[in-house]
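Peer 1: one predicted model, sequence on top.
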There are 2 protein chains.
Amino acid sequence: MSGNVVKLAENVVECRNCGLRGMCTPASVNKATQSLLDNVIRKRRPVARGEVLMRYGMAQNSIYCVRSGSIKSFAATDDGHEMVTGFHLPGELIGLAGINDRSSNCTAVALETSSVCEIPLDRMDELRRRVPELQDELLRMMSLNILHYQNLMVLLGRKSAEERLAAFLFSLSNRFKQRGFSASEFYLSMSRTDIANFLGLAVETVSRVFTRFDEDGLLTVQRKYIHIHDMTKLRMLAGNPTPRQQLMAQS
Amino acid sequence: MSGNVVKLAENVVECRNCGLRGMCTPASVNKATQSLLDNVIRKRRPVARGEVLMRYGMAQNSIYCVRSGSIKSFAATDDGHEMVTGFHLPGELIGLAGINDRSSNCTAVALETSSVCEIPLDRMDELRRRVPELQDELLRMMSLNILHYQNLMVLLGRKSAEERLAAFLFSLSNRFKQRGFSASEFYLSMSRTDIANFLGLAVETVSRVFTRFDEDGLLTVQRKYIHIHDMTKLRMLAGNPTPRQQLMAQS
DNA sequence: CGATGTGTTGAGTTCACTCAAACTTAGTGG
DNA sequence: CCACTAAGTTTGAGTGAACTCAACACATCG
């Protein structure tokens, strides 16, 4: 395993990659508003593995931006199972769906030791009215989020188990790359069960497809460790997404 | 078939139900900005059945709000099939995912004779900076949209064919009700194929489940005409969604 | 009144599921 | 330090829900 293979927990995202970078490191806004911006973030708070950031059905007064580590969010279904709605990597936002009525529609849990920026909605509302660039950025992020879910619809509605897992790995790979990490070697922070619940598959199926990919020489998998050998083939298997579709699986 | 059973094409949504009502009928803004608002909507334009509002991959310079009729939007998959990402009823917005980079990620087609309000993004951008209430409304709509897609993920990832169709019909029923139409009797404007492509099923499966529902006395179905007899049972079959989840299937 | 598009029904198949068991790793306490 | 447990993962066998392929029925329309 070479150079920049990392566990996310060991690294902190650069603020320039952050979804709401305008909130704390104002690049596009003038100095007059800078002190204002500094006050938006309530706290950069550490989150232990398994800790709950927001809980389904509870009041939601903040959104969160991941700084390091990884977070999963999920909704409980009626039959007791859970549907994972997203895995959040550094720089990605959590809780956008709760802005409407300030109530959480899903539960967010840290998959490993992580840290997040908590952004109180009240202060964000106040601030975005004063800083148009921030408003635009937020709108952009939400639009991107909607696009992402539309791609997930195609994945869940029309793709086979192999295609789903390939698309998932390809997405992760790209997101690691964007963050300066290795695209071909990484550790999964989520369990097979989480992956299955995200892809709409059974755990056993996820495991079997991993094994098949390994046997085919497409990649090497050892529990959480993944080494992709043939990225082109993986992209093909995933259904050859266009660059814009590669953002799948975030949020 | 009693009183208020209608085809959407025959009716125009009240502006108070419109997703961006602030855009054209300013209730929450003062009179000073009213003339401003009137100028945002480029045109209330009629759309013929089959007409394309926006096309995948093309530049997108507007979003649309349905006034009457119904619109479907879909993405083409690699294998030539299409995945319907949403059916839009009067008052619902189309094209929110394109705000980010002003390019369409899906194609939108009228299912019947319809009319829409076209809202140019440039003018909307300009206007929302001047009218905070409009900004808030837009943010709310996008947040709701994200919530909606999260619910769709559960549907596509974890529900059976019966549950999917039940949830679909229950959602339609509620949306008709909200618009003052009958919740128990209505006409479908989309084909079985469209429904199948939206629910991630085969056409034959949709047809079979419709038949089963009819045989069970849950509803009467005659091609496009639907009469729901047991709304409680339908809600149960759909997975007993909470009121907040009932907005599923819009956008 | 055929022609065409749309919807339904039937037969057989398959992919992913469930159930069950073995195995692996990590954590815990004697 | 090792036995023991619990949690997570893999593998196998059999099943079933939804799919595909194919034929048929029914509208709508020129």
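Peer 2: Received it, and whenever you're ready, just let me know what you need. Numbers count the residues shown, from 1 in each chain, chains lettered A, B, ... in the order given.

Peer 1: what ranges do the strands span in chain A?
Peer 2: With DSSP state E as the criterion, chain A has strands at A:43-47, A:52-54, A:62-68, A:71-76, A:82-88, A:93-94, A:107-110, A:114-120, A:185-187, A:219-222, A:225-228.

Peer 1: check which helices and strands the shortest one sits against.
Peer 2: In this case it means strand A:93-94. strand A:62-68 (3 or more C-beta pairs under 8 Å, 6 or more residues apart in numbering or on different chains; DSSP states H and E). Just so you know, the C-beta spots here come from the backbone N, C-alpha and C atoms, and that holds for glycine as well.

Peer 1: and the angle from the strand it packs on to strand A:114-120?
Peer 2: Here strand A:62-68 points in a direction 150 degrees away from that of strand A:114-120 (axes from the mean of the first three to the mean of the last three C-alpha atoms, to 10 degrees).

Peer 1: let me see the mean pLDDT of strand A:62-68.
Peer 2: Strand A:62-68 shows a mean pLDDT of 88.

Peer 1: partners of it in the sheet?
Peer 2: Sheet partners assigned to strand A:62-68 using DSSP bridges are listed as strand A:93-94 (antiparallel), strand A:114-120 (antiparallel).

Peer 1: pLDDT of the last one, averaged?
Peer 2: I take that to be strand A:114-120. On average, strand A:114-120 scores 87.

Peer 1: and what of the shortest one?
Peer 2: When the per-residue pLDDT values of strand A:93-94 are averaged, the result is 91.

Peer 1: just give me how far that strand sits from the chain centre.
Peer 2: The chain centroid and the centroid of strand A:93-94 are separated by 8 Å under C-alpha atoms, centre = their mean, to the nearest Å.

Peer 1: residues in contact with A:His227?
Peer 2: Counting by C-beta atoms under 8 Å, 6 or more residues apart in numbering or on different chains, A:His227 touches A:Met1, A:Ser184, A:Glu185, A:Leu219, A:Thr220, A:Val221.

Peer 1: so which of the strands paired with strand A:62-68 is the most packed in?
Peer 2: strand A:93-94 (a mean of 24; mean count of other C-beta atoms under 10 Å in any protein chain shown).

Peer 1: residues in contact with that strand?
Peer 2: A:19-20, A:53-54, A:63-66, A:71, A:73, A:88, A:108, A:116, A:141, A:145, A:251.

Peer 1: just the buried members of those residues?
Peer 2: Among the contacts of strand A:93-94, those scoring as buried are A:19-20, A:53-54, A:63-66, A:71, A:73, A:88, A:108, A:116, A:141, A:145, A:251 (criterion: 16 or more other C-beta atoms under 10 Å in any protein chain shown).

Peer 1: tell me the one of those residues nearest A:Gly95?
Peer 2: A:Ile63 (4.0 Å; C-beta to C-beta).

Peer 1: quick one, phi psi at the residue lying closest to that closest one once chain neighbours are set aside?
Peer 2: For A:Ile63, ignoring the flanking residues on the chain, the nearest one in space by C-beta to C-beta, 6 or more residues apart in numbering or on different chains is A:Gly95 at 4.0 Å. Taking degrees, to the nearest 10, you get phi 100, psi 10 for the backbone angles of A:Gly95.

Peer 1: in chain A, where's the longest helix?
Peer 2: Using DSSP state H, we find that the single longest helix of chain A is helix A:132-158.

Peer 1: that one and DNA strand D in contact?
Peer 2: No: Helix A:132-158 does not reach DNA strand D (C-beta under 7 Å from any atom of the strand); its nearest approach is 8.7 Å.

Peer 1: do that helix and chain B come into contact?
Peer 2: Yes: contact of helix A:132-158 with chain B (C-beta under 8 Å from any C-beta of the partner chain) involves A:132, A:135-136, A:138-140, A:142-147, A:149-154, A:156-158.

Peer 1: what subset of the residues you listed is buried?
Peer 2: Buried by 16+ other C-beta under 10 Å: A:135-136, A:138-139, A:142-147, A:149-154, A:156-158, out of the residues of helix A:132-158 next to chain B.
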